[in-house]
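Participant: When you get a sec, could you give me coordinates for this:
(chains A and B)
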Amino acid sequence: GEDVEQSLFLSVREGDSSVINCTYTDSSSTYLYWYKQEPGAGLQLLTYIFSNMDMKQDQRLTVLLNKKDKHLSLRIADTQTGDSAIYFCAERGGGYQKVTFGTGTKLQVIP
Amino acid sequence: EADIYQTPRYLVIGTGKKITLECSQTMGHDKMYWYQQDPGMELHLIHYSYGVNSTEKGDLSSESTVSRIRTEHFPLTLESARPSHTSQYLCASSGRDTSYEQYFGPGTRLTVT
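Facilitator: Take a look at the predicted model:
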């Protein structure tokens, strides 16, 4: 089945950039997503990218997709303490309505 | 702001009890999902539904059951709770927009003693 992998933990200083990485195995992925989960809450969609795109920028967020290597990254510029959360990468396969979530990366922002 | 609700938010219950976790959405979404989330963060899909009277088991085997009698309602039931059922349960829904974004409820944290 599909597999989505992320590193478990990332620590950055406030004001620095954060880069969270994700790899996936499904070559037929059509949409790739980044979700954010704050403590005690459900997941919230941050941004998504269609598989025929290489990059998408949305304010402080930049998503890069390397389809050949099946690698997705999320860059957060000027990271703030409010960005501390768990970030999930997810992918949706072609013609298949189920979404596979990654293992989650816990981002800690040090003031 | 997503309009998807879960009750209760927190539940502590003894072994052997029957429990139902409620999930409702007011967005008219046809697809709904239940995930179990480990303390170590990973999400596991345990049930999903593509519409009324449609339910399927997910990737992770679960002793729970679900029903979808109304579009907006997708309850999850455990007939006999056990300590191994202690977990966070997240409900989600998605509609027909092209991004297929899933909207998540706040979750139910279940502890079985």
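
Participant: so residue A:35 makes contact with residue A:46?
Facilitator: Yes - Residue A:35 is within contact range of residue A:46, at 6.4 Å (criterion: CB atoms under 8 Å). Backbone N, C-alpha and C define where each C-beta goes, glycine included.

Participant: Return every residue with contacts to both of the two.
Facilitator: residue A:87 (CB atoms under 8 Å, 6 or more residues apart in numbering or on different chains).

Participant: neighbour count winner among those two?
Facilitator: Using other CB atoms under 10 Å in any protein chain shown as the criterion, residue A:35 and residue A:46 rank with residue A:35 on top: 25 against 17.

Participant: Make sure I have this right: the more buried one is in a strand.
Facilitator: Yes - per DSSP: H, G, I helix; E, B strand; the rest coil, residue A:35 lies within a strand segment.

Participant: what bridges to it?
Facilitator: As for beta bridges, residue A:35 partners with residue A:45, residue A:88 under DSSP bridges.

Participant: Could you list which residues are in contact with it?
Facilitator: Neighbouring residues of residue A:35 by CB under 8 Å, 6+ apart: A:43-46, A:87-88, A:90, A:101, B:104.

Participant: could I get these as a markdown table with pLDDT?
Facilitator: What follows is those, written out as a markdown table (pLDDT from 0 to 100):
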| residue | pLDDT |
| --- | --- |
| A:43 | 92 |
| A:44 | 92 |
| A:45 | 92 |
| A:46 | 94 |
| A:87 | 97 |
| A:88 | 96 |
| A:90 | 93 |
| A:101 | 91 |
| B:104 | 94 |
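
Participant: who wins for neighbours among those?
Facilitator: Busiest of those [other CB under 10 Å] is residue A:43, holding 27 neighbours.

Participant: I am assuming that one contacts residue B:88, so please confirm or correct that.
Facilitator: No - under the criterion of CB under 8 Å, residue A:43 makes no contact with residue B:88, lying 11.3 Å away.

Participant: quick one, phi/psi of residue B:60?
Facilitator: Backbone torsions of residue B:60, given as degrees, to the nearest 10, read phi -100, psi 130.

Participant: Next to chain A, which bits of chain B? Give me the list.
Facilitator: Chain B comes close to chain A at residues B:2, B:4, B:31, B:35, B:41-43, B:45, B:48, B:50, B:59, B:90, B:92, B:99-107, as judged by CB under 8 Å from any CB of the partner chain.

Participant: Show the buried residues in those residues.
Facilitator: With burial judged by 16 or more other CB atoms under 10 Å in any protein chain shown, the buried subset of the residues of chain B next to chain A is B:2, B:4, B:31, B:35, B:41-43, B:45, B:48, B:90, B:92, B:100-107.

Participant: quick one: which of those residues sit in strands?
Facilitator: Counting by DSSP state E, the part of those found in strands is B:4, B:31, B:35, B:43, B:45, B:48, B:90, B:92, B:103-104.

Participant: Out of those, flag the one nearest to chain A.
Facilitator: Closest approach to chain A among those (CB to the nearest CB): residue B:104, at 3.2 Å.

Participant: quick one: the closest residue to the closest one other than its chain neighbours and residue A:12, what's the gap?
Facilitator: Setting aside the residues directly before and after it, residue B:104 is nearest to residue A:42 in space (CB to CB, 6 or more residues apart in numbering or on different chains), at 3.2 Å. Residue A:42 sits 24 Å away from residue A:12, going by CB to CB, to the nearest Å.

Participant: No more questions from me, cheers.
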